[in-house]
Structures are given as C-alpha cells and as structure tokens.
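> Here is the input, now give the coordinates:
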Amino acid sequence: MSALVTILDDEPAIREMLSEALTEAGFRTLTFGRATEFEAALRRTTPDVCLVDLGLPDRDGLSLVHRLALEQGATVIIISGRAQVQDRVTGLELGADDYIIKPFDPSEVVARVRARLRGPKQAAATSNTARFNGWTAHFERYALEDEAGIETPFSHAEGEVLRLFLESPKRLITRAHMQESLGGAAGESFDRAMDVRISRLRTKLREDPKNPRLIKTIYGAGYIFLGDVVWV
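Numbering: from 1, shown residues only. Below you'll find the predicted structure:
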C-alpha cells in the first residue's frame, strides 16, 4: 500500500494543490483545514508523513508539531509563510523533520516527502556525493563544487563534520553527539577543534560569519544544518 500523507492547512487552494500533486506521485492523501479535525483523524489512522501549516485558525501549529513528533513519532514537514531563520530553527528544534517556506512548487514538496520516506541516512550510506543549496560535496575526492563548477578542497577532518551535518539536515546536533560520532576525548580541546573545523567549512561555503545561512549555531545546545540535502 502506498504511503499516506496528511495535509493540514487552512487554505483550501493549497490543500487541493498538494493533494493533487501527491496523488499523481502515487501517495494517498487526507486533507484538513483545522487542527481539531486533524487530531480526531489521528485516533483512527496513522499517517506516514504529516504536512503542517503553522498559521492555523484553531491551534498553534508549533505546539501541534511538537506533539506529533513526541507522541506520534510521525515524520513532520512544516509548510509556512514564516521565512525568518528563527522560526525555522524553532520548528526543527521542536521535532519537525523539514521546513518548506511558502510560496513553493508542489514538485518540491513531493521531492521532500520522498526524501523523508527514503531516509537521509539510508541514502547517505550508499553514496559519496551530496547536493545542497547550489553546492555538491564530493567525499571520494574531498572537494566542494559550486554551481559554476569551481572546486574547493576540504580536509578529511572537515569532511567528517560536513558529512555528519549532511546526514542529519535540519536536526539539532549536540556537542555530545558530535563527540560520540567523530570520536576523540570530550572537553575543551575537542570543542575547540570542532569550532575550527566548522569555521573553515563556513568559509569554504562562503558563509557570512556573523549570520551563516547553512550551519547555524544554537548557543548552549549545538548546531543545525539548514540546507536541503539530496544524496546522489
């Protein structure tokens, strides 16, 4: 049986557009205009992916996302007109798996749903190449390629950190998780080494050091990689 995608949005045109695009792609869909209707349906069915708008008329979308992630264990993709980085970070910290900003192309939503069902780690385990936000990371030869085809080399150590981010996009990665995944003794020396690697990666990705777009620091918690990643 094909995967079930629920669509929660108070705009009928968006619900219809998403439902048609997902149905054509082979998914089953259920649509809802209010959170109360959606929550009632959850008692009868278990969706594979939930598309949730934050601007709901009868409920705060962020609290609903948090509940879905914690209690239902559902894959949650936020669809919102809120484009501020802090809104995206908050949604992802509360447990959302992805964040799509309105307006959007329906084909993009279909691609994101497929990617989440496939699982980034599963795809990453069989690939050494990842594309994200105009960049291509070639791990087999340790190089970052931009849209113009210009390559910038990165070190093995920098590659370990980059791969960790690309395997878990839009998820909070704590210092403890980094230490566990990358090895090395926890403490000030490890933290300093991570700071240096991340700073170098930001430079190679041409990030603004005062306001990086891709690798965001969550002070006191860790990092979130906000890029849209596809392993090829």
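> Which SSE is immediately downstream of the lowest-mean-pLDDT helix or strand in the chain?
Every helix and strand in the chain was compared by mean pLDDT, DSSP states H and E; the lowest is helix 120-125, with a mean of 56. The helix or strand immediately downstream of helix 120-125 is strand 129-132, counting by DSSP states H and E.
> Check which helices and strands the helix or strand following that following strand sits against.
Going down the chain from strand 129-132, the next helix or strand is strand 135-138, by DSSP H and E. Here strand 135-138 is seen to pack against strand 129-132, strand 143-145, helix 156-167 when contacts are counted using 3 or more CB pairs under 8 Å, 6 or more residues apart in numbering; DSSP states H and E. Quick note: C-beta positions are derived from backbone N, CA and C, even for glycine.
> ok, now with 6 Å
Judged by 3 or more CB pairs under 6 Å, 6 or more residues apart in numbering; DSSP states H and E, the packing partners of strand 135-138 are strand 143-145.
> Please identify the pairing partners of the strand it packs on and their relative orientation?
Strand 143-145 has the following strand partners under DSSP bridges: strand 135-138 (antiparallel), strand 151-153 (antiparallel).
> would you list those in JSON lines and tack on mean pLDDT and mean neighbour count?
Listed next are those as JSON lines, based on pLDDT from 0 to 100; neighbours: other CB atoms under 10 Å:
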{"stretch": "strand 135-138", "mean pLDDT": "96", "mean neighbour count": "19"}
{"stretch": "strand 151-153", "mean pLDDT": "93", "mean neighbour count": "13"}
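> With distance to Thr75 as added columns, please give those in a markdown table.
Shown next, in a markdown table, are the strands paired with strand 143-145 (distance: least, CB to CB, whole Å):
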| stretch | distance to Thr75 |
| --- | --- |
| strand 135-138 | 24 |
| strand 151-153 | 33 |
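> right, and these - which one's nearest Ser63?
Among the strands paired with strand 143-145, the nearest to Ser63 by CB to CB is strand 135-138 (34.4 Å).
> got a list of what Lys204 touches?
For Lys204, the contact set (CB atoms under 6 Å, 6 or more residues apart in numbering) comprises Leu144, Thr152.
> Give me the distance between it and Arg197.
Distance of Lys204 to Arg197, computed by CB to CB, to the nearest Å: 11 Å.
> show me where the protein has helices.
With DSSP state H as the criterion, the chain has helices at 12-24, 35-42, 61-67, 85-93, 106-118, 120-125, 156-167, 175-182, 188-204.
> How about residues contacting the third one?
It refers to helix 61-67. The contact list for helix 61-67, computed with CB under 6 Å, 6+ apart, reads Ala35, Val52, Leu54, Val76, Leu94, Gly95, Ala96.
> Just the residues you listed: which are in strands?
Here DSSP state E is the test, and the contacts of helix 61-67 give Val52, Val76 as lying in strands.
> Let me have the contacts of helix 61-67 in TSV, extended by pLDDT, neighbour count and distance to Phe104.
Below are the contacts of helix 61-67 laid out as TSV (pLDDT from 0 to 100; neighbours: other CB atoms under 10 Å; distance: CB to CB, whole Å):
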residue	pLDDT	neighbour count	distance to Phe104
Ala35	93	20	21
Val52	94	25	14
Leu54	89	21	14
Val76	87	27	16
Leu94	73	19	21
Gly95	71	19	21
Ala96	79	26	15
